[in-house]
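Engineer: the sequence isn't on hand, but the structure is:
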C-alpha cells in the first residue's frame, strides 16, 4: 500500500470526510493526511477498503465499484463508536448522484464552518465534538446555526465578554439541541 495516493484525500475511498476528522486537523505526529494523502501508508499500513478497491479495478470511491452498495454500506453496525461512519453511505450516494464536484463543494463549506468553530468557539476541549457535529449534521443546518451563533455571540452581547469555557458550552448546547431536533446524538456510541 506504500504507493496508494489519491487526488482527494479529504473525502475517503469508503466515504469518510477526512477533512472533518480531529486527526486530520491536528498538528502533532498523530496527524492523518487523509485517505491516500502524503505518507498515508505510514499511519495506516493496512486498509481492507483499499485492498478491496484494488481487487475491483482500483476505483477511486466505493460508489464507482460494480458491487456498490456492498454489505459495508447496507448492513447496520450499532457497535461502531466511530460516529463519522454514520453518514458514509448517504455521503457516497450524494457524490454518486450529484457528482463529485458538487459533493466536494459541500464538504469544503462544512470544512470552513469547522474552521470557524475551532477558531472562535472551541474552549480547548471541543475539537472532537465539533468535528462530529459538522460531519453528521446537514450543511443547511450548520449554515443556519453559524448565522445564529454569530448573531447572538453566545449568552452575552459581545463574544469578548465570555470566557472560553462559557463560550464553548454555549456552542455545544446549541449544537446538541440542533442535533436532537433531527433525532441525532452527537455522543460517541459504545
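Structural biologist: Thanks, I have the structure now. Treat the numbers as computed from the prediction; the structure is a model and nothing was measured.
Engineer: flag the shaky bits of the chain, pLDDT-wise.
Structural biologist: 1-2, 76-84, 152-161, 189-190 (pLDDT under 70).
Engineer: for it, just list every one of the strands.
Structural biologist: Under the criterion DSSP state E, strands are not mapped anywhere in the chain.
Engineer: which residues touch residue 165?
Structural biologist: residue 123 (Cβ atoms under 8 Å, 6 or more residues apart in numbering). Backbone N, C-alpha and C define where each C-beta goes, glycine included.
Engineer: show me what contacts the spatially closest residue to residue 39 that is not a sequence neighbour?
Structural biologist: Nearest residue to residue 39, sequence neighbours excluded (Cβ to Cβ, 6 or more residues apart in numbering): residue 33, at 6.1 Å. By Cβ under 8 Å, 6+ apart, residue 33 lies in contact with 9, 24, 39, 40, 43.
Engineer: could you dump the residues you listed to JSON lines with distance to residue 106 and neighbour count?
Structural biologist: Putting the contacts of residue 33 into JSON lines (distance: Cβ to Cβ, whole Å; neighbours: other Cβ atoms under 10 Å) gives the following:
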{"residue": "9", "distance to residue 106": "17", "neighbour count": "19"}
{"residue": "24", "distance to residue 106": "17", "neighbour count": "20"}
{"residue": "39", "distance to residue 106": "27", "neighbour count": "12"}
{"residue": "40", "distance to residue 106": "23", "neighbour count": "22"}
{"residue": "43", "distance to residue 106": "26", "neighbour count": "14"}
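Engineer: determine which two of those are furthest apart.
Structural biologist: 24 and 39 (13.2 Å; Cβ to Cβ).
Engineer: tell me where this structure has helices.
Structural biologist: 40-43, 48-55, 71-74, 88-98, 100-116, 127-136, 139-152, 164-181 (DSSP state H).
Engineer: before we move on, the earlier item: closest to residue 119 among the contacts of residue 33?
Structural biologist: Residue 119 lies nearest to residue 24 out of those, by Cβ to Cβ, at 15.9 Å.
Engineer: roughly how far does residue 11 sit from residue 122?
Structural biologist: Distance of residue 11 to residue 122, given as Cβ to Cβ, to the nearest Å: 23 Å.
Engineer: who has more neighbours, the two?
Structural biologist: The neighbour count for residue 11 versus residue 122, taken as other Cβ atoms under 10 Å, is higher for residue 11 (26 against 18).
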